[in-house]
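>>> Structural data only, the sequence is not supplied:
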């Protein structure tokens, strides 16, 4: 009893000393990483048959399933952004140590330790993504989920390569510490750290774009349920109540009527099929005219995907390119898809515009690898 009575007395005695102290808890990158992984697993294990049941399940139940999946995926992106924010914050704090222009010594060991810790975390992330990819069943209904995970894995590999190069640069810097200190006063190392910070900033910006992309995909799924619910049910009209065609009128073919009922508004469905590049004036922009381009697009429910195969000129010659495409399928003549490349490991975005005359304008608007150049070509349907 005496012990409990003395606690308020001790707190009152220590209050003047604690009043001037600002106690804060530093956010932990490992905790943020674990929360991100837990959110990812919760989303993956939530509803594996959502895409497969989207157009066949009971509409109210499917709406609830889509909204739950959208909420879980948004939670994944929130946790991922928080994780990346902490990494960027840590790098900025490390960068602040290089602020003095005339620093007597560059803290090579501190930088190496921080980079090695980042590399270990990224390797752990890659192993977890590999395990998740092995658990995803094969099938077109899981195409978007697999592509999203593969894009994240490709991004991690790119970051690992960048960090490994910086660690190697630090080793060389450690061997020539005296010469670098006299020549640059630490500015060279500051530039190297700025490059790493730029990579992580780009990854954080990509996560922000991915969040809106996933939100759009689930919105498209919900819209598909509404469109299906508003369509006339099969066999709804009775034989006795059917209106007879007027005398002299031509009966519309059944196939044409079905096409009219199921085709969405806009020209998005006109994007599907095989497209090729044929040399003609004004049909390309970039470093040089493509030697060959073949584009194949197909629709799978609310997802538009396909492949882009090309031979593109660059400064050093011609690079063979093989890209996988995926993104939300939406009505309209303009669609933006995310692309990934396995060799080399890279990703970016591509925009497709279907002209009124039937030509397809394909533009690589974002590329994270110089092997795959930016540019545009005009394709014709095969």
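Arrived safely, thanks for sending. These numbers come from a predicted model, not from an experiment. Numbering: from 1, shown residues only.

>>> Name the next helix or strand following the helix or strand of the chain with the lowest mean pLDDT along the chain.
The helix or strand of the chain with the poorest confidence is helix 254-262; it has a mean of 37 (mean pLDDT, DSSP states H and E). Scanning the chain past helix 254-262 towards its C-terminal end, the next helix or strand to appear is strand 273-277 (assignment: DSSP states H and E).

>>> Just checking, which helix or strand succeeds that following strand along the chain?
Once strand 273-277 ends, the next helix or strand along the chain (criterion: DSSP H and E) is strand 284-285.

>>> which helices and strands sit right next to the helix or strand just after that next one?
For strand 284-285, the following helix or strand on the C-terminal side (DSSP H and E) is strand 292-300. Judged by 3 or more Cβ pairs under 8 Å, 6 or more residues apart in numbering; DSSP states H and E, the packing partners of strand 292-300 are strand 273-277, strand 303-314, strand 360-367, strand 375-381. Yep, even glycine has a C-beta here, placed from its N, CA and C like the rest.

>>> The same query, at a cut-off of 7 Å, please.
The criterion is 3 or more Cβ pairs under 7 Å, 6 or more residues apart in numbering; DSSP states H and E, and the helices and strands that strand 292-300 contacts are strand 273-277, strand 303-314, strand 375-381.

>>> Next, the angle strand 303-314 makes with that strand.
Using axes from the mean of the first three to the mean of the last three Cα atoms, to 10 degrees, one finds that strand 292-300 and strand 303-314 are set 170 degrees apart in direction.

>>> and strand 292-300, which strands flank it?
Looking at strand 292-300 with DSSP bridges, its partner strands are strand 273-277 (antiparallel), strand 303-314 (antiparallel).

>>> between that strand and strand 360-367, how big is the angle?
Relative orientation of strand 292-300 and strand 360-367, computed by the same axes, to 10 degrees: 90 degrees.

>>> Can you give me the buried ones in strand 292-300?
Using 16 or more other Cβ atoms under 10 Å as the burial criterion, the residues of strand 292-300 that qualify are 293, 295-298.

>>> and if you look at stretch 370-382?
Buried positions in stretch 370-382, judged by neighbour count with 16+ other Cβ under 10 Å: 371-373, 375-379.

>>> pLDDT check: weakest of the residues you listed?
Comparing pLDDT over the buried residues of stretch 370-382 singles out residue 371 as the least confident position, at 83.

>>> just for the stretch 101-250 of the chain, where's the confidence low?
Per-residue confidence of the stretch 101-250 of the chain (counting by pLDDT under 70) places the weak regions at 101-106, 173, 176-190, 228-250.

>>> Look up the closest residue to residue 303, ignoring the ones flanking it.
Taking Cβ to Cβ, 6 or more residues apart in numbering as the measure, residue 303 lies nearest to residue 144, with 4.9 Å between them; neighbours along the chain are not counted.

>>> Repeat that for residue 76.
Spatial nearest neighbour of residue 76, chain neighbours left out: residue 39 (4.5 Å); criterion: Cβ to Cβ, 6+ apart.

>>> Just flag the most distant two among the buried residues of stretch 370-382.
The largest distance within these, taken as Cβ to Cβ, falls between 371 and 378 and amounts to 22.9 Å.

>>> my guess is the residue nearest to residue 76 meets residue 81, correct?
No. Here residue 39 lies out of contact with residue 81, judged by Cβ atoms under 7 Å, at a distance of 11.2 Å.

>>> can I get the helices and strands packed on strand 292-300 in CSV with distance to residue 167?
As requested, those are exported to CSV (distance: least, Cβ to Cβ, whole Å):
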stretch, distance to residue 167
strand 273-277, 42
strand 303-314, 29
strand 375-381, 34
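
>>> between the ones you listed, which one is nearest to residue 328?
Comparing the helices and strands packed on strand 292-300 under Cβ to Cβ, the one sitting nearest is strand 303-314, at 7.0 Å.

>>> Now that closest one: buried residues?
Residues 303-306, 308, 310, 312-313 are the ones in strand 303-314 that count as buried (16+ other Cβ under 10 Å).

>>> Which helix or strand lies directly C-terminal to it?
Read in the C-terminal direction, the helix or strand following strand 303-314 is strand 317-328, with elements assigned using DSSP H and E.

>>> That following strand packs against which elements?
Using 3+ Cβ pairs under 7 Å, 6+ apart, the elements in contact with strand 317-328 are helix 143-175, helix 187-230, strand 303-314, strand 334-341.

>>> ok, 6 Å please
helix 187-230, strand 303-314, strand 334-341 (3 or more Cβ pairs under 6 Å, 6 or more residues apart in numbering; DSSP states H and E).

>>> Looking at these, which one is packed in the most?
Mean neighbour counts were compared across these using mean count of other Cβ atoms under 10 Å; the top stretch is strand 334-341, at a mean of 21.
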